[in-house]
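Undergrad: what follows is a protein structure lacking sequence information:
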């Protein structure tokens, strides 16, 4: 019974009970940063697995007999697949850009209209993939200092209490100082997963975006240079017909 009471006097519960508003605020901030980081880590991991699964459907897209069938195969990997969105954007521009007369965008060359549409889609996809990474980077950079601030504040109050009591024995110093150092350990425990996750997701995003960029180049070449992919493949699309006429 005495040993249990001794152990409870040197734990986080005793630190919380003995702490003031500042130390409680530091602990709450670290807890919120940790929860936000782990939420983003799990969400981004799931998004990465879905993106990799969607990437495997690109081969099925090119083996389809029509654009509609290819889009359906891409959407089977997920309705929000970035590859399906990119192909749908290219197909939509291929069908509608020529009809959009009277607008500034219609003054672009057909190939440039396609490139502009694909570039906008890639930019939106990149922004979505990078969403939340700033929070991970901020957590990894600031959490150790938040914990260190809690440690300094705790040691300050421990030294004040020791000075008032006039007892500087080791058993009187070890407990309060050890409890204050818990804040430093908590700050590191929050920061390290965030740093590792930020580096991993940055590299994963770079790989996926490079793959999407290559897919966008293939789509641009197909819709502006290649033959139509639809059932009426013998009929040249007006957009490509005008490009061929201008080239001649």
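TA: Okay, I see it. In this text the structure is predicted, and so the values were computed from the model without any measurement.

Undergrad: neighbouring contacts of the helix or strand hosting residue 59?
TA: Taking DSSP states H and E as the criterion, residue 59 maps to helix 58-62. Under the criterion C-beta atoms under 8 Å, 6 or more residues apart in numbering, residues 70-71, 73-74, 83, 87, 215, 218 lie in contact with helix 58-62. All C-beta spots, glycine's among them, are computed from the backbone N, C-alpha and C.

Undergrad: again, 10 Å this time
TA: Helix 58-62 has contacts (C-beta atoms under 10 Å, 6 or more residues apart in numbering) with 67, 69-74, 76-77, 81, 83-84, 86-87, 211-212, 214-215, 218-219, 222, 229.

Undergrad: mean confidence score for it?
TA: Helix 58-62 shows a mean pLDDT of 86.

Undergrad: how far does it sit from the chain's center?
TA: Relative to its chain's centre, helix 58-62 lies at 26 Å (C-alpha atoms, centre = their mean, to the nearest Å).

Undergrad: again, but for stretch 76-96
TA: 21 Å.

Undergrad: quick one: buried residues of it?
TA: Across stretch 76-96, burial judged by 16 or more other C-beta atoms under 10 Å covers 77, 81-91, 93-94.

Undergrad: swap in stretch 40-60?
TA: 40-41, 44, 47-48, 51, 54-55, 57-58.

Undergrad: centre of the chain to stretch 65-80, how far?
TA: With C-alpha atoms, centre = their mean as the basis, stretch 65-80 stands 25 Å off its chain's centre.

Undergrad: just after the helix or strand hosting residue 141, pick out the following helix or strand.
TA: In the assignment (DSSP H and E), residue 141 maps to helix 133-165. Per DSSP H and E, helix 133-165 leads on to helix 170-224 as the next helix or strand towards the C-terminus.

Undergrad: any idea of the angle that following helix forms with helix 133-165?
TA: Here helix 170-224 runs at an angle of 170 degrees relative to helix 133-165 (axes from the mean of the first three to the mean of the last three C-alpha atoms, to 10 degrees).
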